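In: next come a sequence and a model predicted from it.
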Amino acid sequence: MMTAKLARAGLVALAFATPVTGTAAAGTVYDGGWNLTFFTRRGACDPSYNFVVRIDNGIVSHANLVKFRGRVSPGGAVTASVSVPGKFASGSGRMNGTTGKGRWAGHSDKARCSGNWTAQKF
């Protein structure tokens, strides 16, 4: 069950992910803590999953996920990905200063899942 939650968290992170390279801009309107909710629309994953991430200088991070990469562009486009043994998820979407939404897709072993996500800044 915990592995499934980590996988789902990864899927959420994926909704924000591409490899982070280069130097991020100093301070963005997106910086701070964000509550994410992922909804499964296809596949055998849990119906929903809640996740918290932090954005600093446009880089999305989660303290407990080592293989998590995410970035928010100055215009609000967000990409992310997460990987744990046997599981992978990625996604993309759009954010403004206080909310966000997008789509994600991934797999847990042989099961494939996809859906949408929403975000709320706190």
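Out: Noted; the coordinates are in hand. Numbers count the residues shown, from 1 in each chain.

In: so where's the chain uncertain?
Out: Scanning the chain for pLDDT under 70 picks out 1-26.

In: quick one, helices of it?
Out: Secondary structure of the chain by DSSP state H: the helices cover 2-14.

In: now the strands for it?
Out: 32-42, 48-56, 59-61, 68-72, 77-84, 87-95, 99-108, 111-121 (DSSP state E).

In: in the sheet, who's paired with residue 77?
Out: The partner list for residue 77 in beta bridges (DSSP bridges) reads residue 94.

In: try the one 10 residues further on
Out: Counting by DSSP bridges, residue 87 is bridged to residue 84, residue 108.

In: verify the stated contact: it with residue 111.
Out: No: judged on C-beta atoms under 8 Å, residue 87 makes no contact with residue 111 at a distance of 9.4 Å. Every residue, glycine included, has its C-beta placed from N, CA and C.

In: for those two, work out which one has more neighbours and name it.
Out: residue 87 (20 against 13; other C-beta atoms under 10 Å).

In: what's near enough to touch the residue nearest to residue 50 when sequence neighbours are not counted?
Out: Of all residues not flanking residue 50 in the chain, residue 37 sits nearest, at 5.4 Å (C-beta to C-beta, 6 or more residues apart in numbering). Contacts for residue 37 were tallied using C-beta atoms under 8 Å, 6 or more residues apart in numbering; they are 48-51, 117-119.
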